[in-house]
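In: Structure for this input, please:
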Amino acid sequence: MEQPSGPILRPDEMSWSGTTVERLSDAFTGKVVGQERLQETLLIGLLTGGHILLESVPGLAKTTAASTLAHAVSGSFARIQCTPDLLPSDIVGTQVYDASTAGFSTHLGPVHANIVLLDEINRASAKTQSAMLEAMQERQTTIGGQGYPLPAPFLVLATQNPIEQEGTYILPEAQLDRFMLKDVLDYPTLEEEAEVLYRIDAGVFREDQVPVIGIEDVIRLQELTRRVYLDPVIVRYAVGLVYVTRHAETYIDAGLARFVEFGASPRGSIAFTQAARARALLAGRDHVVPDDIKALAHRVLRHRVVLGFEAVAENTRVETVVDALVGTVRTP
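Out: Modelled structure (predicted):
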């Protein structure tokens, strides 16, 4: 099997990427308390161009994290609050008639930003969800028959609130599959929550944030990420993890296997390899190790392994099934 990687990263490139990532990390921790995994997830999305789905109750710093990252990279930021009456044109833009010129002018929507927070995406109608997901996939919008490319880099962070289901439109499995990673955020620890209050009193969150890198630096980081060494053995490991989700009854206990209706698509394998490369670069390595794949298992598979209604009835979490499946594949 041929090595699916580009030229090996040079020491000067690794040194530059390490310094740049450290600047981003410092900017993030200066505004967001705790949430180390969220920071890693967002940076993986930024370095790969893959979109992120976040699930948590309100108030866990999702908006703060997204805006902090956007300002740190000198990028534009937009937050879109999804509601049932939100129209596709409210997101992508529309044409407005100008009486002075007797013609139409194009007004681009908020999706034309480097980092877009799509808050409570499950509250938007299916038509609006479809328009947003098309923009995510095609990296452009169409207004009045003309295409308008989205800026680069372009990252969408969509959120879901799991505690209020009234008036929501659940994303179909095929649309969930288009998100590279899905992360579930936890409440802060007692110490972290106290630190938030101290920072509020100190006025930290009122201070203007100074960019630490430029958009061109993000583009270079993305190029370096694509060149992180990925051994064929690691590729086989990632593909193996996705494969067993499609044949759960062969690999895990029948009691758990019966909950699995559908396994992950090849997009799961793609997400594993791309995200693992980014995680390796964030850790200061020029090569992927098996632990990179393992650490991403929940985030890559939790929205791709579809469980039936019996799992909900018996309070079986998808992470439990994923852990059982991962345990059946030998680590290289």
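In: Only C-alpha atoms from now on, for both contacts and neighbour counts.
Out: Will do.
In: Show me the shaky parts of the stretch 1-150 of the chain.
Out: Across the stretch 1-150 of the chain, the ranges flagged by pLDDT under 70 are 1-7.
In: redo that, cut-off 80
Out: 1-7, 59, 97-105 (pLDDT under 80).
In: Tell me where it has strands.
Out: Under the criterion DSSP state E, counting those that start in this stretch, the stretch 1-150 of the chain contains strands at 52-55, 77-81, 93-98, 103-108, 115-119, 140-143, 146-149.
In: Bridging across strands, which residues link to the most centrally placed residue in the chain?
Out: Residue closest to the mean C-alpha point of the chain, counted by C-alpha atoms, centre = their mean, is Ile52 at 1.8 Å. Here Ile52 sits in beta bridges with Leu157, Leu181, going by DSSP bridges.
In: And it, how close does it get to Thr63?
Out: Distance of Ile52 to Thr63, given as C-alpha to C-alpha, to the nearest Å: 13 Å.
In: and if you look at Leu221?
Out: Taken as C-alpha to C-alpha, the span from Leu221 to Thr63 is 24 Å.
In: Just want to know which of these two has more residues nearby.
Out: More crowded of Leu221 and Thr63, by other C-alpha atoms under 10 Å: Leu221, with 21 against 18.
In: Kindly state the pLDDT recorded for the more buried one?
Out: pLDDT, Leu221: 97.
In: show me what contacts the residue nearest to it when sequence neighbours are not counted?
Out: Nearest residue to Leu221 in three dimensions, chain neighbours excluded: Leu47, at 6.2 Å (C-alpha to C-alpha, 6 or more residues apart in numbering). The contact partners of Leu47, by C-alpha atoms under 8 Å, 6 or more residues apart in numbering, come to Val218, Leu221, Gln222, Thr225, Ala278.
In: Can you flag which of those belong to helices?
Out: Judged by DSSP state H, the subset of the contacts of Leu47 located in helices is Val218, Leu221, Gln222, Thr225, Ala278.
In: what about the third one, how many residues close to it?
Out: Neighbourhood size, Gln222 [other C-alpha under 10 Å]: 19.
In: is it true that it touches Ile44?
Out: No: using C-alpha atoms under 8 Å, Gln222 is not in contact with Ile44, being 9.7 Å away.
In: Okay, helices next: where are they in the stretch 1-150 of the chain?
Out: For the stretch 1-150 of the chain, the helices defined by DSSP state H, counting those that start in this stretch occupy 11-31, 36-48, 62-72, 88-92, 126-138.
In: export those helices to CSV and tack on distance to Ser100?
Out: As requested, the helices of the stretch 1-150 of the chain are arranged in CSV below (distance: least, C-alpha to C-alpha, whole Å):
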stretch, distance to Ser100
helix 11-31, 46
helix 36-48, 42
helix 62-72, 37
helix 88-92, 23
helix 126-138, 31
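In: wait, which of those is closest to Asp186?
Out: helix 36-48 (9.9 Å; C-alpha to C-alpha).
In: Let me know the angle separating that closest one from helix 11-31.
Out: Inter-element angle recorded for helix 36-48 and helix 11-31: 130 degrees (by axes from the mean of the first three to the mean of the last three C-alpha atoms, to 10 degrees).
In: residues of helix 36-48 that come out buried?
Out: By neighbour count with 16 or more other C-alpha atoms under 10 Å, helix 36-48 contains the buried residues Leu38, Gln39, Glu40, Thr41, Leu42, Leu43, Ile44, Gly45, Leu46, Leu47, Thr48.
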